[in-house]
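In: structure for this input, please:
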Amino acid sequence: MEKTKKILLGKISLILLGFIVAILAFKYLPKLIELTTSLDTFRDYIISTGRFGALLVIFFQIVQTVIAPIPGEVIQLAGGYVYGIPLGLLYSIIGMMIGSVMIFYFTKFIGASYVEKLIDKEKYKWIFDIVGSKKFTITLFVFFIIPGLPKDFLIYLAGLTPIKPIKFFVILLVGRLPSIAAPVVIGANIHYENYTSIIVISIIAVVLFILGMVYKDKIIEKLSGAEAEEV
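Out: Now for the predicted structure:
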């Protein structure tokens, strides 16, 4: 009985939080997109808000994770530029994790039927086939950590699987950390005009992204143990 109450309370809290974020996001979506099309514009806007800037970075990252109409890299670059590496990374991670938690539990408790309609089960059948095995955990980690592989849908998809939430969020955090840290570090180096570091990090990021795109199908084939399908 107590467990049922906790689940119900969690669902209600999730609905309320999602409702608030959705209202704010859609109300200000044109403004959000306009602000994040330019690093300079977004950075100046964050600075102009003073002590509320950190909250805005977190909010923008939540919106980007849940809806993804705005470039996450701009948010992370600006976070690194304004707050430096430790705080810029922290704010981006907090926003990404809150958004991911909302998606995961929305799918699990509320929107499973809706998400199932959006996901092509034939296309991603190979993932459902390995759910519950050790290969599924490895697959999630590889997709999250390698640039160029499709990963946004995995947060929605994970809510349809029996994977334990804590386990999933640890995999998500560790796997996404490098791709979030890179633009934050670049942003901080832009602030300090350390252009050598910017060039080196950018080259590494681009090379890894290209390799991920080129070998995407082979990686999927290896992980699924079957012929890869186009993703």
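
In: CA only for contacts and neighbour counts going forward, please
Out: Will do.

In: taking the centroid of the protein, which residue is nearest it?
Out: Among the residues of the chain, the smallest C-alpha distance to the mean C-alpha position (C-alpha atoms, centre = their mean) belongs to Thr65, namely 4.7 Å.

In: for it, what are phi and psi?
Out: Main-chain torsions, Thr65, degrees, to the nearest 10: phi -70, psi -40.

In: just use 32 as the starting number from now, easier for me
Out: Renumbered: residue one is now 32, and that last one reads Thr96.

In: how about it, nearest residue that isn't a chain neighbour?
Out: In space, not counting the residues next to it along the chain, Thr96 is nearest to Gly130; the distance is 5.4 Å by C-alpha to C-alpha, 6 or more residues apart in numbering.

In: now the helices for the chain?
Out: 33-67, 70-79, 84-97, 103-136, 143-149, 156-160, 165-176, 183-189, 196-222, 226-245, 247-255 (DSSP state H).

In: tell me, how many residues neighbour Thr168?
Out: Here the count is done by other C-alpha atoms under 10 Å, and Thr168 has 16 residues near it.

In: just list the residues touching it, thanks.
Out: Residues in contact with Thr168, defined by C-alpha atoms under 8 Å, 6 or more residues apart in numbering, are Ile202.

In: one more: Val201?
Out: For Val201, the set of contacting residues under the criterion of C-alpha under 8 Å, 6+ apart is empty.

In: okay, it: pLDDT?
Out: In the prediction, the pLDDT value recorded for Val201 is 94.

In: equivalent analysis for Val238, please.
Out: Among the per-residue scores, Val238 shows a pLDDT of 90.

In: okay, it and Pro214: tell me how far apart.
Out: When distance is defined by C-alpha to C-alpha, to the nearest Å, Val238 is 15 Å away from Pro214.
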